[in-house]
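Asker: Need coordinates for the below:
(chains A and B)
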Amino acid sequence: MIEFIQNTVDGIMIGSRYSLLAIGFTLIFGIMRRLNLSYGPSIMLGVFIGTFLFVQYQAGWLAVAAATLLGAVLAGIYVERLCFWAIRQGAALASMVSSFAIWMQLEELTTLVFPDRTYPFPPLTSAQPFEVAGINIQSTYLIMFGCAVAIMGALSFMLYRTRFGLALRAVAENPLAARFMGVGTGRVTFLAFVLASAIGGIAGYLIAANEQQVTPLFGLWATFKGMIAMMLGGMGSVPGAILGGFVLGVVESQATWYLGTSFRDIAAYGLLFAVLVLRPGGLLGQRRAERERLALRRV
Amino acid sequence: MDEYTIQVLSNIGMFSFLALSAYLLLMTGEISFGQQAFFAIGAYASGIVTAMWGWGLGLGILCGALVAAAAAFLLAWPTLRLRGLYFAIGTLAFAEMVRLLFEIFSYQIEIDGELVGPNGSDGFRGVRYVFENDISNFQYMLLIYGLLAAVLAGFFLIGRSRLGAIFRMLGEDELLAEMQGVNRTFYKVLATVLAGFIAGIGGALYIHLNTYVEPKIFNVMLGVHSLAYGLIGGLGTSLGPLLGVAIDIGLLESIRIFTGYRMIVFGGLVAVLLIVRPRGLLDEEVIYWLKYRMRRPLARTARRQADAAPSEAGDAQD
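Answerer: Purely as a prediction, here's the structure:
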């Protein structure tokens, strides 16, 4: 029993990073109704700029975090302009494939500039793990979890208490009606993309600092973990993305403990498949799924 | 032809099966990220048949395709309710599960004092039918293109038949198609099974040429590529996916200047191409225009005859 609780606690803390990635995905998807496959790779570019500063100039954590964030946002803007803004509305499939092409481009660029397999990344803290009521807690996990919760809080404040959040939700609900009400949909879309990239950048920094290393596989990993977590919760729903991330984290850590490492990903994909088949809208998105179905019928 | 050209052409041919498989589902309006699973299943099944049970190559390819089609049939039922992106992610999850299961799948028998068969993440080695039977690379390439031509002929037949009309109708508007009396369940499952069959042929050909496969080559990258081929080449005709494969593998892999920068050039090129032509190079408009051009000389003659006919009649009356 104690193992089960321990795994659950670990899973929730690890899951917070999936939640952050899924939030970025879901923001972009909710606003644009298009999938940005290049989300992970653009974060990876930021992470590599951060690691470059660390390796080359022994920069402090603040500079590394800022560089990661900036790199992710710049790469995100590049993707937005090329794959989403320039491709006409309605060609969702073209946007997706185009973002995949840019993924290839970013990945090759990264491996050209950083030819080694792995690069070190500064850790979040050197504090030792501690114990609460018989449960081991890693300090780095705890910091990551705290940051993630703080970001989620700030995001929900922004979404539900500010004018920009209102505009964002309006565009997500119905772009045409939002436009009639005087919302600059183009500007809101762009800012939402920047916001998602910034969240991704922070997530990327936290993940890399936890792993204490980065590899060129990070882009693939981040894109698919974020996408799975988003689909688990329900596309386009922020609470769904948060829940999906936690569920994914817990399932992964339980599967690793009880079934072994080789079953970790099988369990995650199996869960995703089961959720899709049994509850096609995700855990929190049944009502939304009906509307998505109509919106996505012609892709 | 030198060996290198043959190798590049063979690769184009084999991956065309995968691209066509994704294209068939696109025709019915579904995006699949998971066709590489059937490619993998086809490869493993046919490898087992020829290398471990000692059957012939023809039977091996047939078995690979049939097993892949059977797997597609099993996948078709649970994913029937999924549409659009949900279908895409559902197939992705399925394909990754298949790949991860191959990572732990082990089934080996001893042949001539040597263990043969799939062995987890080491993959499936020693599928040497092509070499043991002295089939040259050129002959094998002809086999690939012969089968590809057969599949393409099938596509053209489907495109001109009622079946093709139904597939496109389902892709355009499922509800409308059902109201016209189309049995949606039957045709959706049929499309998935046919797509699995085609991908299975490709996989079977792939393992025999390379003599081995590893599960990790059937990752999601392969699936997204096969989908992208159709969109780059064009969604208007079944030659579009082939053009996409030829551009990616043929043009860029063989031009050595781009070594190391290939994806930077290719990625940018594709992104710009999709801005200008969101449905690929050979999209419906181009195909329509081509058909019109091809028909016009005939039409012109017909019109001239039609113009001439009344006056002749008039002449006769005079």
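Asker: So for the helix or strand containing B:I287, mean pLDDT?
Answerer: For B:I287, the host element (DSSP states H and E) is helix B:284-317. Taken as a whole, helix B:284-317 has an average pLDDT of 69.
Asker: who's in contact with residue 125?
Answerer: Answering for chain A, as no chain was given. A:139-140, A:143 (CB atoms under 8 Å, 6 or more residues apart in numbering or on different chains). Yep, even glycine has a C-beta here, placed from its N, CA and C like the rest.
Asker: let's do chain B instead
Answerer: B:R125 neighbours (CB under 8 Å, 6+ apart): B:116, B:119, B:211-212.
Asker: if you set the cut-off to 10 Å instead, what comes out?
Answerer: B:R125 makes contacts with B:47, B:51, B:114-119, B:211-214, as judged by CB atoms under 10 Å, 6 or more residues apart in numbering or on different chains.
Asker: Also B:L75?
Answerer: A:273, B:32, B:34, B:37-38, B:90-91, B:94-95, B:98, B:189, B:192-193, B:196.
Asker: Which residue does the stretch 101-250 of chain A have closest to chain B?
Answerer: A:Q105 (3.0 Å; CB to the nearest CB).
Asker: tell me the phi and psi of that residue?
Answerer: Main-chain torsions, A:Q105, degrees, to the nearest 10: phi -60, psi -50.
Asker: before we move on, the earlier item: of the contacts of B:L75 - the most surrounded one?
Answerer: B:F38 (37 neighbours; other CB atoms under 10 Å in any protein chain shown).
Asker: That residue and B:G200 touch, don't they?
Answerer: Yes: proximity of B:F38 to B:G200 meets the contact threshold set by CB atoms under 10 Å, at 5.4 Å.
Asker: got any residues that touch both of those two?
Answerer: B:17, B:21, B:64-65, B:67-72.
Asker: what's the farthest-apart pair in those?
Answerer: The span of those, defined through CB to CB, is set by B:F17 and B:A70 at 17.3 Å.
Asker: rewinding a little: could you single out the nearest of the contacts of B:L75 to A:E173?
Answerer: Among the contacts of B:L75, and counting by CB to CB, the member closest to A:E173 is B:G90, at 26.0 Å.
Asker: buried ones in stretch A:152-160?
Answerer: Going by neighbour count (16 or more other CB atoms under 10 Å in any protein chain shown), the buried part of stretch A:152-160 is A:152, A:155, A:159.
Asker: follow-up on the earlier one: just the contacts of B:R125 now: which is nearest A:M1?
Answerer: The closest of the contacts of B:R125, once distances to A:M1 are taken by CB to CB, is B:N119, at 37.8 Å.
Asker: Near chain A, which residues of the stretch 1-150 of chain B? Just list them.
Answerer: B:26, B:29-31, B:33, B:75, B:77-101, B:103-104, B:120-121 (CB under 10 Å from any CB of the partner chain).
Asker: try 7 Å
Answerer: B:31, B:78, B:81-86, B:89-90, B:93-94, B:96-97, B:100-101, B:103-104 (CB under 7 Å from any CB of the partner chain).
Asker: Now which of those would you call buried?
Answerer: B:31, B:82-86, B:89-90, B:93-94, B:96-97, B:100, B:103.
Asker: Which single one of the contacts of B:L75 is nearest to A:R117?
Answerer: Nearest member of those to A:R117, counting by CB to CB, is B:A95, at 25.9 Å.
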